[in-house]
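*Asks:* With the input below, show me the fold.
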Amino acid sequence: MKNNRENTAPVGVFDSGVGGLTVAREIMRQLPMENVVYFGDTARVPYGSKSRDNIIRFSRQIIRFLETKNVKAIVIACNTATAAGLSLAQTKFPVPVIGVVEPGARAAARATRNKRVGVIATKGTVESDVYTHAIRANDAGITVFATATPRFVEIAELGIQMAKGPIENYTSLASQVYIRPEFQEIAQDYLDPLRRCDVDTLVLGCTHFPLLKSLIGGVMGREVVLISSASEVARDCADILSRQGIAARPDNEARYEFFTSGDDVEAFRRFGTRVLRFPLDHLTHIVL
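*Replies:* Residues are numbered from 1 along each chain as shown. So this is what the prediction gives:
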């Protein structure tokens, strides 16, 4: 067992913006004793349309910042950044680095019954073929159908901004905000080709997309299983911390810190408060 200072060191989580808060929230739920530091690179969002070299550079900058917070593990809560630079980050930095692609791919391979899996993600993630390789690495007999759905990020953030008052869960938020004719039309344009491919499992390959489960599920139908990597990532994180002897004590009172590179700190605070369902009191703007 390592010393208590290491055990109480935080888990670092980062994303290109605010979508990764869905992953952070699941880590907080499953590991309530762990301190968490979250960084949202909202000044440079979205990553999906940027070059691989730029995404790797951004990720390195963020990880170096998280190292100044003495994190004991890092979760790349961004599918695009995971696809571009996970393996490089794992070789360059001494702490465990966890991505969101492999956990989601593993869950999809377990869930499919007819071995036809759909993936929706950003353009960068789809073009990398990272989900296709990861899913087929779990089961070579699976056929993967991937499509870019860039406007879903816009819809998720717009819907959060339109919501009024506190929300109890993503489903209630979606039912209040996202079931609108124009959103429904966009979802059908994106998802109808996947329905025609007869997929029985759909990977939500962007951390914004769990916020759209009601909309996406309504188009795909109840028989299609929607896979979000957040719960699998949290389980992987718990397993790594336990195996390395650096998990926080069960009686540790968790502390959460949030950082954003964007100038509109209050917009980040409002969005984060709605996703996490508690005020983001410790939120700081920094420039990398």
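
*Asks:* Please count neighbours and contacts with C-alpha atoms only from this point.
*Replies:* OK.

*Asks:* Can you pull out the low-pLDDT segments for the stretch 151-288 of the chain?
*Replies:* The model of the stretch 151-288 of the chain has pLDDT under 70 over residues 159-180.

*Asks:* Do a quick rundown of the helices in it.
*Replies:* Here the stretch 151-288 of the chain has its helices, by DSSP state H, counting those that start in this stretch, at 151-162, 170-177, 181-196, 213-220, 230-243, 265-276.

*Asks:* how about the strands in the chain?
*Replies:* 11-15, 36-40, 73-76, 97-98, 116-121, 143-148, 201-205, 225-227, 256-260, 283-285 (DSSP state E).

*Asks:* Nearest to residue 266, out of these?
*Replies:* Smallest distance to residue 266 across those (Cα to Cα): 9.2 Å, for strand 283-285.

*Asks:* Give me the buried stretch members for stretch 119-136, please.
*Replies:* 119-126, 130-132, 134-136 (16 or more other Cα atoms under 10 Å).

*Asks:* Please produce TSV containing these, extended by pLDDT.
*Replies:* Listed next are the buried residues of stretch 119-136 as TSV, based on pLDDT from 0 to 100:
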residue	pLDDT
119	98
120	97
121	94
122	88
123	89
124	86
125	90
126	93
130	95
131	97
132	97
134	97
135	98
136	98
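
*Asks:* can the helices of the stretch 151-288 of the chain go into TSV with extra columns for distance to residue 14 and mean neighbour count?
*Replies:* Shown next, in TSV, are these (distance: least, Cα to Cα, whole Å; neighbours: other Cα atoms under 10 Å):
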stretch	distance to residue 14	mean neighbour count
helix 151-162	17	17
helix 170-177	21	18
helix 181-196	27	15
helix 213-220	22	20
helix 230-243	13	18
helix 265-276	13	18
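
*Asks:* before we move on, the earlier item: what's the most buried one of the strands of the chain?
*Replies:* By mean neighbour count, with neighbours taken as mean count of other Cα atoms under 10 Å, strand 11-15 ranks first of the strands of the chain at a mean of 28.

*Asks:* got the contact list for that strand?
*Replies:* Strand 11-15 is contacted from outside by 20, 24, 34-41, 62, 66, 71-78, 81, using Cα atoms under 8 Å, 6 or more residues apart in numbering.

*Asks:* Contact partners for the nearest residue to residue 234 once chain neighbours are set aside?
*Replies:* Nearest non-adjacent residue to residue 234, counting by Cα to Cα, 6 or more residues apart in numbering: residue 27, 4.8 Å away. Neighbouring residues of residue 27 by Cα under 8 Å, 6+ apart: 230, 231, 233, 234, 237.

*Asks:* returning to what we had before: output the strands of the chain in TSV; the columns should cover distance to residue 186.
*Replies:* Listed next are the strands of the chain as TSV, based on distance: least, Cα to Cα, whole Å:
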stretch	distance to residue 186
strand 11-15	25
strand 36-40	27
strand 73-76	28
strand 97-98	32
strand 116-121	13
strand 143-148	12
strand 201-205	16
strand 225-227	18
strand 256-260	30
strand 283-285	34
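
*Asks:* burial count for the closest residue to residue 207 other than its chain neighbours?
*Replies:* Of all residues not flanking residue 207 in the chain, residue 19 sits nearest, at 4.8 Å (Cα to Cα, 6+ apart). Neighbour count of residue 19, defined by other Cα atoms under 10 Å: 25.

*Asks:* cool, residue 64 as well?
*Replies:* Residues near residue 64, counting by other Cα under 10 Å: 12.

*Asks:* roughly how far apart are it and residue 287?
*Replies:* Applying Cα to Cα, to the nearest Å, the value for residue 64 to residue 287 is 13 Å.
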